[in-house]
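1. Provided below are the primary sequence and the corresponding predicted coordinates.
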Amino acid sequence: MIASTSESFVIVVIDTIFTCPRAYILNAAGVLFCLSNQAFSSFLFLHYLSGSDISIKQAAEYPGSKWIKEQTVEAAEKFMGEFLPSLSDDKAAASIAKSPKSVTLKASPKSKSVSSLSARIGALSVDDENCVSKVVPDRIYSVACHPSPSSLVVCAGDKQGHVGLWNVDQVGEGSNDTDGVHLFKPHNRVVSHLEWNRTGSSLISASYDGSVRLFDIQTQKFDEIFATYDDDTDFKGKLGFGLDQGYGYWAQYACMDARSADDRCLFLSTSKGTVIHVDLRSKGKITFHQDLSEKKINSVR
């Protein structure tokens, strides 16, 4: 990938030939620099800040060499491009629903009445020591399950902006060394909320970096659908222009508006106690923005 930056640093080249992508900067004097890991992270921050779309390949490479093994990126692209669309297709096929392999019954109560619900729940077991995986590198802040009736796919968002997708049913199959886990980095800070749409064809992720991104199985990209910006003229024209209040301000939480049939409306809450409603249809507009608390608001429904 090649991108222009400031006047002093003209071109940035991301070299993806190696297992860990490396960044090079060519300055105005024609001197080429190779970025350190820390500097590369700073460059990625600028990429996030720009609101650019992030491809599956980019998001899978951003976590760095520690989390990238042979065929990791290829496996992630196949999972997101082939397996997830198949889950979306079978979402309506309830007749093929089955309990994932990771959930087993200690007993099989015959009664299906409401009164037996407690006994049925008590018969469930998720204590299989072989069904454990490290889905994200850091502390988990958000979790969401794909709505598929036939497969268990769990998503987790962590403190550093990673989003991990775990195909729980693949554990132990030994088809590759990912163990069903596919790691991406679509954000630069805490991923505070993850949510699939009704059909499982898209996933939204909200982050303390002020952005809300949407992964769509059709585009195969993490698109920035909304972000809060300060009043810098560079961001004029952005839907969230002027919302960012500076130090101590971030998007605490975001979720889909359940009233929206096409999943194109969002609620956001902030660290400053404000709630925002965003309508992304047509050109997009903010339909509600009010101070509702003196402290941060952790969730909105």
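-> Done, it's in.
2. Low-confidence ranges, the stretch 1-150 of the chain, go.
-> Scanning the stretch 1-150 of the chain for pLDDT under 70 picks out the ranges 1-50, 89-115, 126.
3. 90 - rerun?
-> Across the stretch 1-150 of the chain, the ranges flagged by pLDDT under 90 are 1-53, 61-73, 75, 86-133, 149-150.
4. in the stretch 201-301 of the chain, which spans are helices?
-> Shown for the stretch 201-301 of the chain, no helices are assigned by DSSP state H, counting those that start in this stretch.
5. Output the below-cut-off pLDDT ranges for it.
-> For the stretch 201-301 of the chain, the ranges with pLDDT under 90 are 210, 217-218, 228-252, 258-264, 281-284, 299-301.
6. Once you drop chain neighbours, what's closest to Ala227?
-> If the residues on either side of it in the chain are set aside, Ala227 comes closest to Ser211, at 4.1 Å by CB to CB, 6 or more residues apart in numbering. Any C-beta I mention is one placed from the backbone N, CA and C, and that applies to glycine too.
7. how many neighbours does the one you found have?
-> Using other CB atoms under 10 Å, the number of residues around Ser211 comes to 26.
8. Give me the buried positions along stretch 279-298.
-> 279-280, 296-297 (16 or more other CB atoms under 10 Å).
9. ah, wrong one, I meant stretch 231-243
-> Buried residues in stretch 231-243, counted by 16+ other CB under 10 Å: 235, 238-241, 243.
10. do the same with stretch 244-254
-> So for stretch 244-254, counting by 16+ other CB under 10 Å, buried means 244, 249-254.
11. Now do the contacts for Ser269.
-> Going by CB atoms under 8 Å, 6 or more residues apart in numbering, Ser269 touches 251-254, 275-276, 296-300.
12. now Ile204: how far from Gly157?
-> 11 Å (CB to CB, to the nearest Å).
13. what do those two both touch?
-> By CB under 8 Å, 6+ apart, Ile204 and Gly157 have these common neighbours: 193-194.
14. Looking at those two, which is more packed in?
-> Using other CB under 10 Å as the criterion, Ile204 and Gly157 rank with Gly157 on top: 28 against 24.
15. Could you measure from that one over to Asp262?
-> In this structure, Gly157 and Asp262 are 24 Å apart, going by CB to CB.
16. for Asn188, same thing?
-> Using CB to CB, Asn188 is found at 29 Å from Asp262.
17. Tell me which of the two has more neighbours.
-> Asn188 (21 against 9).
18. my guess is Lys159 contacts Ser142, does it?
-> No. Applying CB atoms under 8 Å as the test, Lys159 and Ser142 come out as separate, 10.5 Å apart.
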